[in-house]
Structures are given as structure tokens and as C-alpha cells.
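Enquirer: Fold the following for me, if possible:
(one chain, ligands or ions: 2)
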Amino acid sequence: MNVAVKSAEKPKGEHKTPQVIKKVGVIGAGQMGTGIAHVIALGGYSVALNDLKKEKVDESVHTIEKFMRRQAEKGIITEGDVKPALKRISYAPNFEAFADCDLIIEAATEDEAIKRKIFADLCKNLKAGTMLATNTSSISITRLASTTDRPEHFIGMHFMNPVPLMELVELIRGIATDDDMFALTRTFVESLNKKVAVSEDFPAFIVNRILLPMINEAVYTLYEGVGTVEAIDKAMKLGAHHPMGPLELADFIGLDTCLSVMQVLYEGLSDSKYRPCPLLVKYVEAGWLGRKTQRGFYDYRGEKPVPTR
Ligand SMILES: CC(=O)CC(=O)SCCNC(=O)CCNC(=O)[C@H](O)C(C)(C)COP(=O)(O)OP(=O)(O)OC[C@H]1O[C@@H](n2cnc3c(N)ncnc32)[C@H](O)[C@@H]1OP(=O)(O)O
Ligand SMILES: NC(=O)C1=CN([C@@H]2O[C@H](COP(=O)(O)OP(=O)(O)OC[C@H]3O[C@@H](n4cnc5c(N)ncnc54)[C@H](OP(=O)(O)O)[C@@H]3O)[C@@H](O)[C@H]2O)C=CC1
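Expert: Ligands and ions are numbered 1, 2, ... in the order given. Next comes the predicted model:
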């Protein structure tokens, strides 16, 4: 489905918001870029998926196919939806491949330097009306927008993990994001059957301002010996009805991402309550990043996950 909204006539020379989104570029084929490409392709849009290595994109498309077939088996989508959706996903070997995109969603590593470099390199390859979005969990939209030639057409579009199952997308306007852009991206997100929550552009927005300090507190609970990994996750699943324990969730998100978000909160709000737990730092420094490296608070290399502490 292509999304169109009436956009007010722009004075000549300004970047004109395109009135129709047909093709979307996605930068980063990790767990989030993979999920974002999945739902956008199913939404009827063409998707150009880029990562540093082609193998990552190949792996991503394989994962998308696996989960789409599962969704079809369960009747969430039809068998007939799968092939056309997969056909709409192409490999973007470089940013030139985004020249005909109407929207680019950046979903690379949660590292401001990486994101700034991506946006600085990206814009010269794009047509005037192409809009930009970032899936960042926490970093200032206003600051990232300032690295581009189109801050008025830049927005935070924060999908939740796992993207195909989570209904929410947080929309975060930078100080310059214009009304047309906001309206168009809201319509686009809703065309993916997602629900929007609007956050102001402050560190970690709404979800992660609340969720990540809870996860960090769970790591402190482990660090101080209040409970074991197993006890902490069991307590919160059975005691607070969380679908995943906080440490299991941290492994699912990625401990590097969790640490990055806590650092953004700590630096951005200058409050010691956001100090990342030293044990979280240790796990990241060890390269034990959770599911994506097969080891974090749990070891995933065997039959079932085994606590590592
Ligand atoms: C840093 C940030 O910004 C962090 C954020 O994203 S904030 C949001 C963080 N995320 C959460 O809090 C998620 C918490 N966890 C949950 O809600 C649930 O455990 C869950 C939705 C992830 C899984 O649901 P579940 O009921 O436990 O069952 P589960 O079996 O794991 O998955 C249900 C189905 O979804 C499918 N599924 C799982 N992951 C999938 C994926 N990535 N893509 C597509 N389908 C998927 C599976 O196929 C599964 O079906 P089958 O088992 O029949 O194949
Ligand atoms: N994980 C989560 O639960 C959620 C994460 N987010 C956000 O989404 C973004 C991605 O997170 P996630 O998918 O978990 O991270 P991953 O580490 O799973 O994936 C990031 C991908 O981006 C690639 N990458 C790094 N630099 C570049 C570049 N310059 N150009 C293209 N690709 C690049 C990485 O490659 P390589 O590994 O080779 O460096 C990796 O494949 C982050 O901003 C994160 O905060 C948002 C919601 C939830």
C-alpha cells in the first residue's frame, strides 16, 4: 500500500515532502532492521536493505522468510502474502541504491558516532524529498537531524523488539521536524498496523526512560547479590507478570544496546540514578552481549538457556 497525504505547498527551494511513500530504505540488518524490513514489506512497500556486510542482509532475509512462513502457518498472514512480500525486499549494497527511496529508516548500532556518520554520508545520494527516520532507542533526534541537510524531514521512528509482534512505534519529533513530515510518518506507521505514542525529544524518550532503568536495577540486584539470575527473572515474571524476566529481556535487546541507553540517560540527565551497573559494563566488555552473541546473563549455546551467574 502506498501512503499519501496532502502536503501544504512549500516555498520554492525547500525540500518538498513527497506525497507518496512507495519505497523505503533500511540501514542496518540486525534484529531491528530485520523486523522493520519484515513489517514494511508485508505492508506492501518496496524495501532496500543495507548493512556493512551482504551476508548480514542475506541472513536477515532468511530470518524474515522463516518468520513469515510461521505467520502464514498460524493464519496471521496468508501463504499468498509471503512470496510477494519477500520479492519486495532488495539488497542495497551502498547508499546510492537509496536514490529512489521516499523514506530511509536507520537501524544501525546504538552509537551516536556511527549514526552521525551514516547520515552525513547518506544525504548526497538522496532525492530532495526523501525523508529520514532513525530507530534509535535513546539518542537525541534533534542532534542526529543536525547532521543532515533536511532536519525538517527527520524524525525518530522507534519500533519495539520484536517488531512483527510489538504493536507500538514511538514517534519523536526533532526541534525542526515539520508538520507534514509528522503527519506522513504517522500515517505510514499506522499503515503497518502499528499504534503510535508520541514522545518529546528527551533522552530515551518514554519506553526506554522507564524500561532501561528497570533492567539496570535488575543488573544491580544481581551485582549486589540480592538474587541469582534465575531468581530475579522468576520473581518478575511471576510476581509482576512480565512476559520475560528483566535479565532475559536484556539479553534479548542486546547488552551493548542496554548499556548505550543507560549511558545516554546518565549523560543526558546528569543524575546518578542512571549510572550503568558495573556488572553490565563488564558483560559488554567481555563481548557477552546476550542472544546475538549466544551468551549474556544466560548461555544460549546448549539445549536450553543456562544462567551465567
Ligand atoms: C532498547 C529498546 O528499544 C527495547 C524495546 O524494544 S522496548 C520493548 C522490549 N520488548 C519487550 O518488552 C518484549 C517482551 N517479551 C514479550 O512480549 C514476549 O516474550 C514476546 C512477544 C517477545 C514473545 O512472545 P511469547 O508469547 O513469549 O511467545 P514466543 O513463542 O516467544 O513467540 C510467539 C510467536 O511469535 C513468533 N516470533 C517470535 N519472535 C519473532 C520475530 N522476531 N519475528 C516474527 N515472529 C516472531 C514466534 O514464531 C512465536 O510463534 P511460534 O512459537 O508458534 O513459532
Ligand atoms: N535491540 C532492541 O531491542 C532495540 C533496538 N533499537 C535500536 O535499533 C537500532 C539497532 O539495534 P539492533 O538491531 O538491536 O542492533 P544490532 O546490533 O542487532 O544490529 C545493528 C546492525 O547495524 C549494522 N551496522 C553498524 N554500522 C553500520 C553502518 N555504518 N552501516 C550499515 N549497517 C551498520 C551492524 O553491523 P555490525 O554488527 O557488523 O556492526 C548490525 O548488523 C539501535 O539504534 C537500537 O538502539 C530499538 C528498539 C529495540
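
Enquirer: hang on, residue 288 in a helix?
Expert: No - applying DSSP: H, G, I helix; E, B strand; the rest coil, one finds residue 288 to be coil, outside a helix.

Enquirer: Report the contact partners of it.
Expert: 255, 295-296, 308 (Cβ atoms under 8 Å, 6 or more residues apart in numbering). For the C-beta atoms, the positions are set from N, CA and C on the backbone; glycine is no exception.

Enquirer: got the residues of this protein near ligand 1?
Expert: 35, 67, 70, 137, 160-162, 164-166, 207-208, 211, 243-244, 249, 253, 257, 261 (Cβ under 6 Å from any ligand atom).

Enquirer: If we ignore the residues flanking it in sequence, what's nearest residue 257?
Expert: Take residue 257 and drop its neighbours on the chain: the residue closest to it by Cβ to Cβ, 6 or more residues apart in numbering is residue 110, 4.8 Å away.

Enquirer: Wait, the one you found touches residue 136, no?
Expert: Yes - contact criterion Cβ atoms under 8 Å: residue 110 and residue 136 qualify, at 6.5 Å.

Enquirer: count of residues packed around residue 80?
Expert: 9 (other Cβ atoms under 10 Å).

Enquirer: Just the CA trace of the strand or helix carrying it, in PDB.
Expert: For residue 80, the element it lies in under DSSP states H and E is helix 79-87. Coordinates of the C-alpha atoms in helix 79-87 are reproduced here as PDB (Å, rounded to 0.1, in the frame of the first residue of the first chain):
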ATOM      1  CA  GLU A  79       0.600 -18.200   2.200                       C
ATOM      2  CA  GLY A  80       0.000 -15.900  -0.800                       C
ATOM      3  CA  ASP A  81       1.300 -12.900   1.100                       C
ATOM      4  CA  VAL A  82       4.800 -14.400   1.700                       C
ATOM      5  CA  LYS A  83       6.300 -14.600  -1.800                       C
ATOM      6  CA  PRO A  84       5.300 -11.100  -3.000                       C
ATOM      7  CA  ALA A  85       6.500  -9.600   0.300                       C
ATOM      8  CA  LEU A  86       9.900 -11.300   0.000                       C
ATOM      9  CA  LYS A  87      10.100 -10.100  -3.600                       C
END
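
Enquirer: For whatever helix or strand comes next after it, which helices and strands make contact with it?
Expert: Proceeding N to C from helix 79-87, the next assigned helix or strand is strand 89-91, under DSSP H and E. If contacts are counted by 3 or more Cβ pairs under 8 Å, 6 or more residues apart in numbering; DSSP states H and E, strand 89-91 sits against strand 46-50, helix 54-73.
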